[in-house]
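Q: give me the fold of what follows.
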Amino acid sequence: MYDMLIRGGWVVDGTGDERRLANVAITDGRITAIGPDIGGTSPDEAARTVLEADGRAVCPGFIDVHTHYDAQVFWDGTLSPSPLHGVTTVIGGNCGFTIAPLSDNPADGEYLMRMLSRVEGMPLESLREGVPWNWRTTAEYLDAVDPLLAVNAGFKVGHSAIRRVVMGDEATRREATDAELEAMATLLSDGLSAGAMGFSSTWSTTHNDAEGRPVPSRHASRDEVLALCSVLVDHPGTSLEMLAAAGGPTDDESKSLLCDMSLAAGGRQVNWNVMQVTASTVDECFEKLEASSYAAERGGRVVALTIPMVIAARFSMASGFVLDAIPGWAEVMFLPHEEKKRVLADPAERRRLDDLAQGDHPFRRLANWGAMTIFDTVAPENDGCDGRTVADIAAERGCGAFDALLDICLADDLLTSFGRPDVPASVADWQARVDIWRDGRAVIGASDAGAHLDLLATFNYPTRVLAEPVRQHGLLSLEEAIHRMTAVQADLYGLVDRGRLVEGAHADVILIDEATVDSDPVAMRPDLPGGAARLYAGATGIDDVLVAGVPVVADGAFTKYRPGRVLRSGTDSR
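A: Have a look, this model is predicted:
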């Protein structure tokens, strides 16, 4: 007897092959059989549960290979909202920013909390209230996470975390000694032996800690990075992730570093992010992909991660993230909250900050305050501001755009969300992205889900892809889209028996209504520990999501079940 029978659906199996009308049988968390006659009248083919597909597409769950759910899992084992968009497997521990291992010194855990709050946009009060911080080793962390998961999750070991454990405060001051590097290598090896999926790091100039200093991994020498990569040679099923430069590997030094990282790890893949593609930037993106060709010519493997839409950032003066990149602004954005409010209320300081913002620098476009749209406000005195441009509000109030923006933010205790609205992509933009996906040197990913909670909303990329380039524009078939968000990612990480609906595979299955699938509108949702808010959106057209054959989403809502588990390298990957 089968545990479940999914009946009457079009199986889109993730291989890219044409769909076929078939039933899918599941037993003990695995796909038992697929075929038009499966689930007949014989007792052997009866099923305890029947899920009527009613002509929907039956597909493998999506695999999101760049997330930061490492902390959220403790207060939200569903890893919402990703599964509402069809995601059944995530990879966390990216950019070197993990919360394991920890030392016995409480100051190190406090440093990691403050660093994550700053560089990954996780509210500090949520990290303090929602995370137990009661482990020391990566093995203990993975064991703590395992029973909490609704979906499957693999985690890397982060460079900044192991550097902080070994070097303490010195991690953000200097290069490591030989003894310290050896200790870091031991921590990394221990984490990989426990099942961590690989090693991650960053040299991106946008990554600074709560004090405005470069994060620990940015103080590492090239030799240190390569020595740690070499640890992976002894651990099957592991891989690398690295941000060698903020804008991507366009220079020879970055290309060489990524290639040498792969070679040091015995040819394992190293992926970098994030590449945003539009019709106007596609030529530049193909130039960045030359880093992959450079590595391939030398026996390495380098892969770009690309998010399949333009990231429409939402800023806030509370976090100051990205705004602190404006020359001269960091000292204000890093101030304590009340002191920051005092400075932003001072007319002389406002003029000084605006003068700095209007100068000649790479972030000058951010300073077009009037073009900003106010997305979300809190205070009653800001009623009527949501959805309007700052220029419109400034004209109504009879003041300058920068003054109007800061007045709104101060009334909201700096919690105002503002930025550029998400401009719909053109057919040419989507065609450029499809061309990049088909190139073979880039993989759809890099959602950053679980991070930048008030800044980015790219967790919904699967439903956006299915709604726009597939249904609206017809630029690629559903079969190809599913393949490029399932099997491609599974192969990148060597995930065993995932990413395809075939007999024997894990029963991570989603049902899609092709006619309606889409992301719901993004809005702020105040549901984080400590009362903080985040950007959130559900989905339409993905009403049923199974993990190991167990429904984690039914009728478009989360169930109580937690069948997911930690994916461990060497067992769940090869």
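Q: what's the closest non-adjacent residue to residue 1?
A: residue 46 (5.1 Å; C-beta to C-beta, 6 or more residues apart in numbering). To be clear about C-beta, it is placed using only N, CA and C from the backbone, and glycine gets the same treatment.
Q: look up how far residue 178 lies from that neighbour.
A: Distance of residue 46 to residue 178, computed by C-beta to C-beta, to the nearest Å: 65 Å.
Q: give me the pLDDT for residue 133.
A: As predicted, residue 133 sits at a pLDDT of 95.
Q: give the contact list for it.
A: 99, 102, 109, 113 (C-beta atoms under 8 Å, 6 or more residues apart in numbering).
Q: hang on, isn't the last one packed against residue 128?
A: Spelled out, that is residue 113. Yes - assessed by C-beta atoms under 8 Å, residue 113 is found in contact with residue 128 at 6.5 Å.
Q: if you count surrounding residues, which of these two has more?
A: residue 113 (21 against 15; other C-beta atoms under 10 Å).
Q: the more buried one: which element?
A: helix 106-119 (DSSP states H and E).
Q: check residue 374 too.
A: With DSSP H and E as criterion, residue 374 is part of strand 373-376.
Q: show the subsequent helix or strand relative to that strand.
A: Next element after strand 373-376 (DSSP H and E): helix 390-397.
Q: who touches that next one?
A: Outside helix 390-397, the residues within contact range by C-beta under 8 Å, 6+ apart are 369-374, 385, 400-401, 403-405, 407-408, 418.
Q: just stretch 417-436 next, same as before
A: The contact list for stretch 417-436, computed with C-beta under 8 Å, 6+ apart, reads 275, 277-279, 281-282, 285-286, 289, 306, 308-310, 312-316, 371-377, 390, 405, 408-409, 442, 454, 468-469, 473, 475-476, 524.
Q: now do the same end-to-end measure for that stretch.
A: Terminal residues of stretch 417-436 are spaced 32 Å apart (C-alpha to C-alpha, to the nearest Å).
Q: swap in stretch 474-489?
A: Stretch 474-489 end-to-end distance (C-alpha to C-alpha) = 23 Å.
Q: over to stretch 548-562?
A: Using C-alpha to C-alpha, the end-to-end distance of stretch 548-562 comes out at 10 Å.
Q: repeat that for stretch 514-523.
A: In stretch 514-523, first residue to last residue: 24 Å (C-alpha to C-alpha).
Q: neighbours of residue 60, just the number please.
A: Applying other C-beta under 10 Å, we find 31 residues neighbouring residue 60.
Q: same thing with residue 141?
A: Around residue 141 sit 25 other residues, with neighbours defined as other C-beta under 10 Å.
Q: burial measure for the closest residue in space to it that isn't next to it in sequence, as a count.
A: In this structure, residue 141 finds its nearest non-sequential neighbour in residue 100, 3.5 Å apart by C-beta to C-beta, 6+ apart. Number of residues near residue 100 (other C-beta under 10 Å) recorded here: 28.
Q: residue 100 and residue 383, how far apart?
A: Going from residue 100 to residue 383 by C-beta to C-beta gives 44 Å.
Q: hang on, the earlier thing: residue 214: which of the contacts of helix 390-397 is nearest?
A: residue 418 (27.5 Å; C-beta to C-beta).
Q: may I have the secondary structure class of the closest one?
A: strand (DSSP: H, G, I helix; E, B strand; the rest coil).
Q: tell me the pLDDT of it.
A: On pLDDT, residue 418 comes in at 94.
Q: who does the helix or strand hosting residue 480 touch, helix- and strand-wise?
A: Residue 480 belongs to helix 478-484 when assigned by DSSP H and E. Helix 478-484 sits against strand 57-60, with contacts defined as 3 or more C-beta pairs under 8 Å, 6 or more residues apart in numbering; DSSP states H and E.
Q: how about a cut-off of 10 Å?
A: Contacts defined by 3 or more C-beta pairs under 10 Å, 6 or more residues apart in numbering; DSSP states H and E place helix 478-484 against strand 57-60, helix 427-439, strand 442-444, helix 461-465, strand 509-512.
Q: still on that earlier bit, now, the contacts of stretch 417-436 that are in strands?
A: Judged by DSSP state E, the contacts of stretch 417-436 include 275, 306, 314-315, 373-376, 442, 524 as members of strands.
Q: which of those residues are buried, as a PyMOL select command?
A: In PyMOL, selecting the buried portion of these, with burial taken from 16 or more other C-beta atoms under 10 Å, looks like this:
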select buried, resi 275+306+314+315+373+374+375+376+442+524
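Q: helix or strand right after the longest helix along the chain?
A: Determined from DSSP state H, the single longest helix within the chain is helix 178-193. As assigned by DSSP H and E, the chain's next helix or strand after helix 178-193 is strand 198-202.
Q: which parts of the helix or strand following that following strand are buried?
A: Downstream of strand 198-202, the first helix or strand assigned by DSSP H and E is helix 222-230. Residues 224-230 are the ones in helix 222-230 that count as buried (16+ other C-beta under 10 Å).
Q: next, the angle strand 198-202 makes with helix 222-230.
A: Orientation of helix 222-230 against strand 198-202 (axes from the mean of the first three to the mean of the last three C-alpha atoms, to 10 degrees) gives an angle of 160 degrees.
Q: what's helix 222-230 packed up against?
A: By 3+ C-beta pairs under 10 Å, 6+ apart, helix 222-230 packs against helix 159-167, helix 178-193, strand 198-202, strand 239-243, helix 252-264.
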